[in-house]
Each structure stands twice: as C-alpha cells, then as structure tokens.
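Q: What follows is a protein structure lacking sequence information:
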C-alpha cells in the first residue's frame, strides 16, 4: 500500500477520531442509554470511521491514464482499422 497516496484518508481518520473523542468528552451520554457515546473507545472508533468516509467523499477521484492499461494498443475493436466492417457481408 502506498502511504503517500493514502495520507488524506489518514488525516480524516485522525481528525474523525479526535472529533469522536471530543464528542464523548463534551456532549456524550452520562445516563448509559446510548451505547455508542457512553464508551470513549467506541465513540473514537465511530468518529474515525465517519472522518474517513466523509473525507473520501470530499476528495477528487483519480483516474488512470488511458495508455497505462494497454487497452488502446491497436488490437482492440475500438480501433477502426481492426473493427469488422458492418456494410460488407460474408459470402
């Protein structure tokens, strides 16, 4: 896994975890009736998950270049020189 490409998601993970912990610490649930926000570990985990998901939605999608997969190598049917001619009929 290339860590350089994943650093924005790691930032989302850390910020989300911090946000989950802060939510537990400042707002939280003291009565115990809400299981997610009662435990600081669970609140931090959910915050980290939400941070990664939110940041992955906001980041632009990187697309592979056209020549990198070899699909346009000249042998593909997308090349008009190799495509069958629809107007000619076989005898």
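A: Structure's in. What do you need? No experiment lies behind these values; they were computed from the predicted model shown.

Q: Run a quick neighbour tally on the nearest residue to residue 32 once chain neighbours are set aside.
A: Leaving aside its sequence neighbours, residue 32 sits nearest to residue 38 (Cβ to Cβ, 6 or more residues apart in numbering; 5.3 Å). (Each C-beta comes from the backbone N, C-alpha and C, glycine too.) Neighbour count of residue 38, defined by other Cβ atoms under 10 Å: 15.

Q: And for the one 3 residues further on?
A: One way to gauge burial is a neighbour count; for residue 41, by other Cβ under 10 Å, it gives 10.

Q: tell me which element it is part of?
A: helix 40-58 (DSSP states H and E).

Q: Show me which residues of that helix are buried.
A: 43, 44, 45, 46, 47, 48, 50, 51, 52, 55 (16 or more other Cβ atoms under 10 Å).

Q: Who are the packing partners of the helix or strand of the chain with the lowest mean pLDDT?
A: In the chain, the helix or strand scored least confidently by mean pLDDT, DSSP states H and E is helix 35-38, which has a mean of 79. Identification of packing neighbours for helix 35-38 by 3 or more Cβ pairs under 8 Å, 6 or more residues apart in numbering; DSSP states H and E yields helix 40-58.

Q: who does the helix it packs on touch, helix- and strand-wise?
A: Where contact means 3+ Cβ pairs under 8 Å, 6+ apart, helix 40-58 is packed against helix 3-26, helix 35-38.
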